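Trainee: whatever this is, show me its structure:
(one chain, ligands or ions: 1)
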Amino acid sequence: MAHMDQHSHKPKENGAVEHYDVVVIGAGFGGLYALHHLRGMGLSVRVYDGAAGVGGTWWWNRYPGARVDFPGSPFYCYTFSEELVREWDWPETQPDQPSVLAYLEYVADRFDLRRDIQFETWMRDACYDEEAQRWRLETSAGERISAQFLICAVGTLSATHKPDIPGLDTFAGECYHTGRWPHEPVSFAGKRVGVIGTGSSGVQSIPEIAREAAYLTVFQRTPQYSIPVRNRPMDPEVVRQARENWAAIRAKMTASPLGAPFEVSERSAFEDTPEQRQALYEELWQKGGFHILFGSYADILTNKEANRTLADFVRGKIGEIVRDPATAEKLMPDYYLGTKRQLLDDGYYETFNRDNVALVDLRQDPIQEILPEGVRTANSEHLLDMLVLATGFDAITGALLRLNPRGRGGASLEEKWRTRFDSYLGMTVADFPNLFMIHGPGSPSVLFNMPLGAELESAWIGDCVRYLRTHGLGAIEPTPDAEQRWDREVAGIANETLYPLTDSWYTGANIPGKHRQFCVYLGGPDYFRRLAEVAAQGYEGFVFEPEYGQLTEELAS
Ligand code: NAP
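Mentor: Model prediction:
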């Protein structure tokens, strides 16, 4: 395993247990910062990741066209180190996947993180030992580990969703999931390619694939509203100002609804006339990115009529861009704009004007089965050399459930979350002492700047661990009552918006059989205020155990 030899906690050759203060699962944005921060506190920390390198989501999602679709550079990055901000040059406002991965690799080297990361290692088992007050872990290689604290930085969009379509495994051509894209170059040249799925991954990859493939068939179940991303080279003046005023910019990011220094409108759509609205939407469409959603009117995501004004505008744009009216019609969504993850694209709708691209509307012509030679829909057979599954993820909770830790009394997270994804603060779970989640269900996760959110969450975890250590405490966990209250708080905020009204991966509706629950805390920076309040009140909502943990004979061996 990479870099093991440099580590002070070498794996024991005789199969004995390795002990750490903290084990972190995942070496993406969240896990890397957790390592840096907690190691900086003097704790022994070890990170495990199934990938062969750092990057998490950015390591796996290498499909063509993958790039940042959040308010981009220099804000989608770590904020904790001014030196890092000065050292790293982002080439574009919306960096592509290789650039983000290069950045994370640089961070790993710059802060000497790799010596405490073990790659190509999946965590196979995680079980809390109440007597020892430690997590007992086992890796895919059979190594046994114990840690007082377990941090799951397993990613919100990492458990890929392979659709249950009859015959999928019989397909004889190349077949790739966007979230598990190969490291070797994939050529589309001269091939008939089919893409199933039109979420962010589909919408980013479809224009790229269409440019190279002989023929591209897009299988669309639900049409999407997409906004031009308008990627451009970084403006040196923006970079200079960011570097000179980073502390102030960071403070602004931390206090802003999305975690980015981004103008958010406070006006209602109905304070303007229809003509004024149209003019503003046009201006923000030209500007590109999330501005049209968050910078136009404050009630777009809370008022159905306000939402309709913007949805109509975007549907009008689709009608203008796509030349064939029947295709344009199929591409026009009918749900509340922004309530599925808002897409940003680079020439998505324009792609349907190409002669080598066809759109299949699965609502009218559903897939019946996958054949060795292609896809059979109700009305037709589509012969394909390659199938791209852009079918998304079991989001937010999927990777945690695949790990399926077992807490007090051996109860599994799967059992606990069978009917509700309960958590307290989106970070801790009753009956799972000393377990922390980064970007867990009930945290702002995907609707806040994720690198910044991960930093703030890790800092809170670090403070919590320090509190335990300085008070002679061995374990912390939330009360069921605190979970219920948090659940109501998260749902209460969400229910003031239109988000829960739409089937999306935010609500779990994309995974057959998953129970429906809106799992994102929509209060933005209020979340971090709530975390601070809870800590200031002596970790209100948590119960502690004094430190009595004894290394059992087996663990001590
Ligand atoms: P997604 O948004 O869940 O989209 C999956 C697509 O597959 C949807 O169009 C879905 O249709 C379709 N689908 C799923 N199962 C299907 C089936 N059985 N038959 C036909 N169609 C099916 O997944 P994603 O595009 O991978 O994106 C997930 C999230 O990852 C994004 O929303 C974003 O937050 C993140 N992401 C970020 C970036 C970036 O920052 N650059 C890039 C990619 C992804 P329905 O809509 O009908 O369910």
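
Trainee: count the residues that sit near the residue nearest to Ile151 when sequence neighbours are not counted.
Mentor: In this structure, Ile151 finds its nearest non-sequential neighbour in Val24, 4.5 Å apart by CB to CB, 6 or more residues apart in numbering. To be clear about C-beta, it is placed using only N, CA and C from the backbone, and glycine gets the same treatment. Counted with other CB atoms under 10 Å, the neighbours of Val24 add up to 32.

Trainee: next, give phi and psi for Val24.
Mentor: phi -110, psi 130 (degrees, to the nearest 10).

Trainee: same check, this time on Ala260
Mentor: Backbone torsions of Ala260, given as degrees, to the nearest 10, read phi -140, psi 150.

Trainee: what helices or strands is whichever helix in the chain runs longest leaning on?
Mentor: The residue-count maximum for a helix in the chain (DSSP state H) belongs to helix 450-470. Where contact means 3 or more CB pairs under 8 Å, 6 or more residues apart in numbering; DSSP states H and E, helix 450-470 is packed against helix 29-40, strand 144-152, helix 246-255, strand 473-478, helix 526-536.

Trainee: now do the residue nearest to Ile151 against Leu400, distance only.
Mentor: Separation of Val24 from Leu400 (CB to CB, to the nearest Å): 14 Å.

Trainee: same question for Ala509.
Mentor: Distance from Ala509 to Leu400, by CB to CB: 18 Å.

Trainee: quick one: Val360 is in a strand?
Mentor: Yes. Under DSSP: H, G, I helix; E, B strand; the rest coil, Val360 falls within a strand.

Trainee: pLDDT-wise, which helix or strand of the protein ranks last?
Mentor: Every helix and strand of the chain was ranked by mean pLDDT, DSSP states H and E. The lowest is helix 553-556, at a mean of 65.

Trainee: more neighbours: which of Ala509 and Leu400?
Mentor: Using other CB under 10 Å as the criterion, Ala509 and Leu400 rank with Leu400 on top: 27 against 15.

Trainee: measure the more buried one to the ligand for me?
Mentor: Using CB to the nearest ligand atom, to the nearest Å, Leu400 is found at 16 Å from the ligand.

Trainee: residues near Glu263, how many?
Mentor: Residues lying near Glu263 (other CB under 10 Å) number 9.

Trainee: tell me the contacts of it?
Mentor: 291, 295 (CB atoms under 8 Å, 6 or more residues apart in numbering).

Trainee: can you rerun that using 7 Å?
Mentor: Contact partners of Glu263, counting by CB atoms under 7 Å, 6 or more residues apart in numbering, are Gly295.

Trainee: who in the stretch 201-350 of the chain is up against the ligand?
Mentor: Residues of the stretch 201-350 of the chain lying near the ligand by CB under 6 Å from any ligand atom: 201-202, 204, 221-222, 341.

Trainee: only alpha carbons, please: show the longest helix of the chain as PDB.
Mentor: Coordinates of each C-alpha in helix 450-470 appear next as PDB, following Å, rounded to 0.1, in the frame of the first residue of the first chain:
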ATOM      1  CA  MET A 450     -18.700  21.600   0.000                       C
ATOM      2  CA  PRO A 451     -15.000  22.200   0.600                       C
ATOM      3  CA  LEU A 452     -15.800  25.100   2.900                       C
ATOM      4  CA  GLY A 453     -18.600  23.100   4.600                       C
ATOM      5  CA  ALA A 454     -16.200  20.200   5.200                       C
ATOM      6  CA  GLU A 455     -13.600  22.500   6.800                       C
ATOM      7  CA  LEU A 456     -16.200  24.000   9.200                       C
ATOM      8  CA  GLU A 457     -17.600  20.600  10.100                       C
ATOM      9  CA  SER A 458     -14.100  19.100  10.700                       C
ATOM     10  CA  ALA A 459     -13.300  22.100  12.900                       C
ATOM     11  CA  TRP A 460     -16.400  21.400  14.900                       C
ATOM     12  CA  ILE A 461     -15.500  17.700  15.200                       C
ATOM     13  CA  GLY A 462     -12.000  18.700  16.300                       C
ATOM     14  CA  ASP A 463     -13.400  21.000  19.000                       C
ATOM     15  CA  CYS A 464     -15.800  18.200  20.200                       C
ATOM     16  CA  VAL A 465     -12.900  15.800  20.500                       C
ATOM     17  CA  ARG A 466     -10.900  18.300  22.400                       C
ATOM     18  CA  TYR A 467     -13.800  18.800  24.800                       C
ATOM     19  CA  LEU A 468     -14.000  15.100  25.400                       C
ATOM     20  CA  ARG A 469     -10.300  14.900  26.100                       C
ATOM     21  CA  THR A 470     -10.200  17.800  28.400                       C
END
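
Trainee: buried stuff in it?
Mentor: Buried residues in helix 450-470, counted by 16 or more other CB atoms under 10 Å: 450-462, 464-465, 467-469.

Trainee: over to stretch 217-235?
Mentor: In stretch 217-235, counting by 16+ other CB under 10 Å, buried: 217-229, 231, 234.

Trainee: any idea how far it is from the middle of the chain?
Mentor: 18 Å (CA atoms, centre = their mean, to the nearest Å).

Trainee: and for Thr170, the neighbour number?
Mentor: Thr170 has 11 neighbouring residues, counting by other CB under 10 Å.

Trainee: please look at it and Pro372 and confirm they touch.
Mentor: Yes. In terms of CB atoms under 7 Å, Thr170 counts as a neighbour of Pro372; the distance is 5.3 Å.

Trainee: what is in contact with those two at once?
Mentor: By CB under 7 Å, 6+ apart, no residue touches both Thr170 and Pro372.

Trainee: burial of Gln286, as a residue count?
Mentor: Look at Gln286: counted by other CB under 10 Å, it has 11 neighbours.

Trainee: and the pLDDT for it?
Mentor: pLDDT, Gln286: 98.

Trainee: next one: Pro261
Mentor: Pro261 is given a pLDDT of 85.

Trainee: that one in helix, strand or coil?
Mentor: Classified using three-state DSSP, Pro261 is coil.

Trainee: surely it is in contact with Tyr76?
Mentor: No. Between Pro261 and Tyr76 there is no contact under CB under 7 Å: 11.6 Å.

Trainee: and those two? Which one has more around it.
Mentor: The residue with more neighbours, out of Pro261 and Tyr76, is Tyr76; 23 against 18, by other CB under 10 Å.

Trainee: list the contacts of that one.
Mentor: Tyr76 sits in contact with 68, 70, 449, 451, where contact means CB under 7 Å, 6+ apart.

Trainee: in those, which has the lowest confidence score?
Mentor: Within the contacts of Tyr76, lowest confidence goes to Phe70 (85).

Trainee: excluding sequence neighbours, find me the nearest residue to it.
Mentor: That would be Tyr76: by CB to CB, 6+ apart, it lies 4.9 Å from Phe70.
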